[in-house]
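Participant: Need coordinates for the following:
(chains A and B)
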Amino acid sequence: MDRHVLLIEDEPNIIEAIRFLLTRDGWSVDTHSDGADAVEAIRDAGPDLVILDLMLPGKSGLEILRDLRALPETEKLPVLMLTARGQSRDREMAERAGVSRFMTKPFSNAEVLTAVRDLLAQASQS
Amino acid sequence: MARDTLTGGRIRERRLIAGLKQADLARQVGISASYLNLIEHNRRRIGGKLLLDIAHVLGVEPSMLTQGAEAALIETLREAAADAVAVAAEVDRADEFAGRFPGWAEVLAGGHRRIASLERTVETLSDRLTHDPQLAASLHEVLSTATAIRSTASILAETGELEAEWRDRFHRNLNEESRRLAESSKALVAYLDESGGDDSRRGVPQEEVEAFILARGHHFATLETGQDEPNDLVRDAAQLTSPAARTIARDVLSAYCKDMRAMPLAAFLDALRETDANPLALAGIFNVDLAAVFRRLAAMPPGVPGSDAGLVVCDASGSIVFRKQIEGFALPRFGESCPLWPMFTALSRPMAPIRRRVSQTGRSAMVFDCMAIAQPIGTAEFEADPLFQSTMLILPVKGEDATGKPVQPVGSSCRVCTRAGCHARREPSILSEGF
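Facilitator: This next block holds a predicted model:
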């Protein structure tokens, strides 16, 4: 089965770097940059995992995450949240909203790869 | 009902202040006690000779009984009615309400004034908070750029066989992002610099007072010449927008005037030359305490020894209550200062002058001669613990003077101090751990 990740991020060069990393690791990567219609994009794409930036134009990553958890088809979808805001309050809010993993920028490539692999492994076991 | 409905309440209030019984006052003005009772409860109109007689007995101007604080009270009640949402108050009977129920009217008016004051505070704080998203956005920009650079650089460094097309693309991205990082860092620094200026922190009374004092170079020439009084300067100061700031400014200027009277400018300038600006000698000449000399030195006009000095004052809790900034020695405002400053050492040794050469780590390694003393404030009372305030003068040490003597390393605040193994550290530094 193809491993498919949807990256929702608005920084082109971060998109490029993560896309390269994951593609090399055997993932099929789609990207989306607008928060406003991100939920629709996720439902259309049906990915195995979503990498979601917290601060997006149109709609925040936190709102998107809450919407995903309220939908039956995405309530258990693994979501790795990326943010430049590492305050504990943001982390707590993301955890309450049902985030699978929370990662603060700047992160290393190895951390991203490990997180993505772990989340997929956990999802396949459950 | 007419305005004289209020007069009865005022007569009653003034009679009680005068310690007269209703019957006594009634007898003195030739009316019955029951009639006076009706007047006092605003159930009978009053005017003419009877009003003049009552005013005379009560020892007040008749206008005190017919006008006065109630006018302001009624105005406030009307404002409260106008601000009320979805409730139609009987605005045309506001004076009757105030006259018959002055206590309740005052409660209502006081509540309205309090709400207005709190609303202003909320507005002010909201204004301040609007700066925080700006800071958050700047930091987000820096961290996002750093992320892109880190990921891209790792790919270039760690990927063995990288196609030329990808390699070129990542090099280009790296170049773009490093430029962007330089720009966003510059913008962030500019923002932080502006935050220390005189406009962006409006709403915090101490900051308004600092802006007011800074605008005059910490020296008030018109006070020195007697041309102005503190109230004149406070009234005309555009920087002092809040009542709290004006109160603090008045206190600061009063202390300034007290120091000025104890150490008149001309005599102080002469003494500066004679003593080579030695604070202890100056305190002896003018018979004043050391903290007063520190304050006076820091208030000298440009070109005079001391004019380039920094000054910081903290209360017994360590909160900074006054500061005159000096280049090279960061003085954070909000309870984050380095506990190694001599000013805090002085708090643990009240009345003992402390002198240390210090240098703030992580900055340009400038050396400063800091003199501090903690002295009691207020009047001494039996069975009351003295309350201390610590004052520190910060003098730049220049040229050869900066070498030779031991220098104590201190910080500004833990967050931006990189000093390792410091027993005074309260929290990790963002410079060593966050970036």
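Participant: Can you tell me the centre-most residue of chain A?
Facilitator: A:Ile51 (1.6 Å; Cα atoms, centre = their mean).
Participant: repeat for chain B
Facilitator: B:Gln206 (2.0 Å).
Participant: Would you mind confirming that the residue nearest to the centre of chain A is in contact with A:Leu119?
Facilitator: No - A:Ile51 is beyond contact range of A:Leu119, at 9.6 Å (criterion: Cβ atoms under 8 Å). C-beta: built from backbone N, CA, C; applies to glycine.
Participant: list residues touching both of those two?
Facilitator: Listed as contacting both A:Ile51 and A:Leu119 by Cβ atoms under 8 Å, 6 or more residues apart in numbering or on different chains are A:Leu80.
Participant: list the contacts for the closest residue in space to B:Glu210 that isn't next to it in sequence?
Facilitator: Nearest residue to B:Glu210, sequence neighbours excluded (Cβ to Cβ, 6 or more residues apart in numbering or on different chains): B:Arg323, at 7.1 Å. Contacts for B:Arg323 were tallied using Cβ under 8 Å, 6+ apart; they are B:Glu210, B:Gly310, B:Leu311, B:Val312, B:Val313, B:Leu331, B:Arg333.
Participant: how far away is the spatially closest residue to B:Ser254 that is not a sequence neighbour from chain A?
Facilitator: Sequence neighbours aside, B:Pro230 is the residue nearest to B:Ser254 in space, at 5.9 Å (criterion: Cβ to Cβ, 6+ apart). Distance, B:Pro230 to chain A, by Cβ to the nearest Cβ, to the nearest Å: 43 Å.
Participant: Now for B:Pro230: which residues touch it?
Facilitator: B:Leu223, B:Ala249, B:Arg250, B:Leu253, B:Ser254, B:Tyr256, B:Cys257.
Participant: Not counting its own residues, what contacts the longest helix along chain A?
Facilitator: Counting residues, the longest helix found in chain A (DSSP state H) is helix A:109-125. By Cβ under 8 Å, 6+ apart, the surrounding residues in contact with helix A:109-125 are A:3, A:5, A:17-18, A:21-22, A:25, A:27, A:48-49, A:51, A:76, A:78, A:80, A:100-101, A:103, B:151, B:154-155, B:158.
Participant: hmm, back to that, does the residue nearest to B:Glu210 belong to a helix or a strand, and which?
Facilitator: strand B:320-324 (DSSP states H and E).
Participant: related to what we said a few turns ago, quick one: buried ones out of the contacts of B:Pro230?
Facilitator: In terms of neighbour count (16 or more other Cβ atoms under 10 Å in any protein chain shown), the buried residues within the contacts of B:Pro230 are B:Leu223, B:Ala249, B:Arg250, B:Leu253, B:Tyr256, B:Cys257.
Participant: tell me the residue furthest from the middle of chain B?
Facilitator: B:Glu161 (62.1 Å).
Participant: is it true that that residue lies in a helix?
Facilitator: No - under DSSP: H, G, I helix; E, B strand; the rest coil, B:Glu161 falls outside any helix and is assigned coil.
Participant: mind listing what it touches?
Facilitator: Applying Cβ under 8 Å, 6+ apart, no residues contact B:Glu161.
Participant: how close does it get to B:Leu280?
Facilitator: 74 Å (Cβ to Cβ, to the nearest Å).
Participant: repeat for A:Glu11
Facilitator: 60 Å.
Participant: Mark out where each domain of chain B begins and ends.
Facilitator: B:4-122, B:131-195, B:308-435 (automatic domain parsing).
Participant: what would these look like in TSV with mean pLDDT?
Facilitator: Listed next are these as TSV, based on pLDDT from 0 to 100:
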stretch	mean pLDDT
domain B:4-122	80
domain B:131-195	80
domain B:308-435	84
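Participant: Quick one: closest of the ones you listed to A:Pro57.
Facilitator: domain B:131-195 (12.4 Å; Cβ to Cβ).
Participant: distance of A:Ala121 from A:Ala115?
Facilitator: A:Ala121 is 11 Å from A:Ala115, by Cβ to Cβ.
Participant: who's more crowded, the two?
Facilitator: A:Ala115 (20 against 11; other Cβ atoms under 10 Å in any protein chain shown).
Participant: Quick check: the gap between that one and A:Pro78.
Facilitator: From A:Ala115 to A:Pro78 the distance is 10 Å (Cβ to Cβ).
Participant: Repeat that for A:Leu49.
Facilitator: Distance, A:Leu49 to A:Pro78, using Cβ to Cβ: 5 Å.
Participant: what does A:Trp27 give?
Facilitator: From A:Trp27 to A:Pro78 the distance is 13 Å (Cβ to Cβ).
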